[in-house]
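[1] curious how this folds, go ahead:
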Amino acid sequence: MIMAEKLTTFDVTKYLDDDEAIAIFLTDALETGDLGYINMAIGEIARARGMTDIAKKSGVKREALYKALSETGNPHFKTVMAVTEALGLKMSFTPAA
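    Residues are numbered from 1 along each chain as shown. Below is the predicted model:
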């Protein structure tokens, strides 16, 4: 008799519990160059920190954040900057290798 495995959905927000974990997660997303993954990563970080709070701090409606920060979202750079600031993150750039 073969037993069926039970799988659960992985929720990354459970592991985004400190600034270092968040920085590593977002850096990994940025390094892929995959815009959908980057949007999703910022959205997951916002969920981990509390989407309602991030919406208030960024001045962007919560519903708009969920849409913009999904894998299929296409947020304006202004939105990305407002959200990262509300998250307490600072963007920086380095020369490409």
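[2] use CA for all of it now, contacts and neighbours both
    Will do.
[3] contacting residues for Asn39?
    Asn39 sits next to Ala68, Leu69, Ser70, Glu71, Gly73, Asn74, Pro75 when contact means CA atoms under 8 Å, 6 or more residues apart in numbering.
[4] so who does the residue nearest in space to the middle of the chain touch?
    The centre of the chain sits closest to Ile42, judged by CA atoms, centre = their mean, with a distance of 1.8 Å. By CA under 8 Å, 6+ apart, the residues touching Ile42 are Leu26, Leu69, Thr84.
[5] by neighbour count, which of the residues you listed wins?
    Leu69 (25 neighbours; other CA atoms under 10 Å).
[6] for that residue, give me the pLDDT.
    Note for Leu69: predicted pLDDT of 94.
[7] quick one, what contacts it?
    Asn39, Met40, Ala41, Ile42, Gly43, Pro75.
[8] how many residues are close by Ile54?
    Other residues close to Ile54 by other CA under 10 Å number 23.
[9] for it, which non-adjacent residue is closest in space?
    Counting by CA to CA, 6 or more residues apart in numbering, Ile54 lies nearest to Ala86, which is 5.8 Å off, once chain neighbours are set aside.
[10] tell me the pLDDT of that neighbour.
    Reported pLDDT for Ala86: 96.
[11] give the contact list for it.
    Ile54, Lys57, Ser58.
[12] export the residues you listed as a markdown table, with columns for secondary structure, pLDDT and distance to Asp18.
    Converted to a markdown table, the contacts of Ala86 look like this (DSSP: H, G, I helix; E, B strand; the rest coil; pLDDT from 0 to 100; distance: CA to CA, whole Å):
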| residue | secondary structure | pLDDT | distance to Asp18 |
| --- | --- | --- | --- |
| Ile54 | helix | 96 | 16 |
| Lys57 | helix | 96 | 19 |
| Ser58 | helix | 96 | 20 |
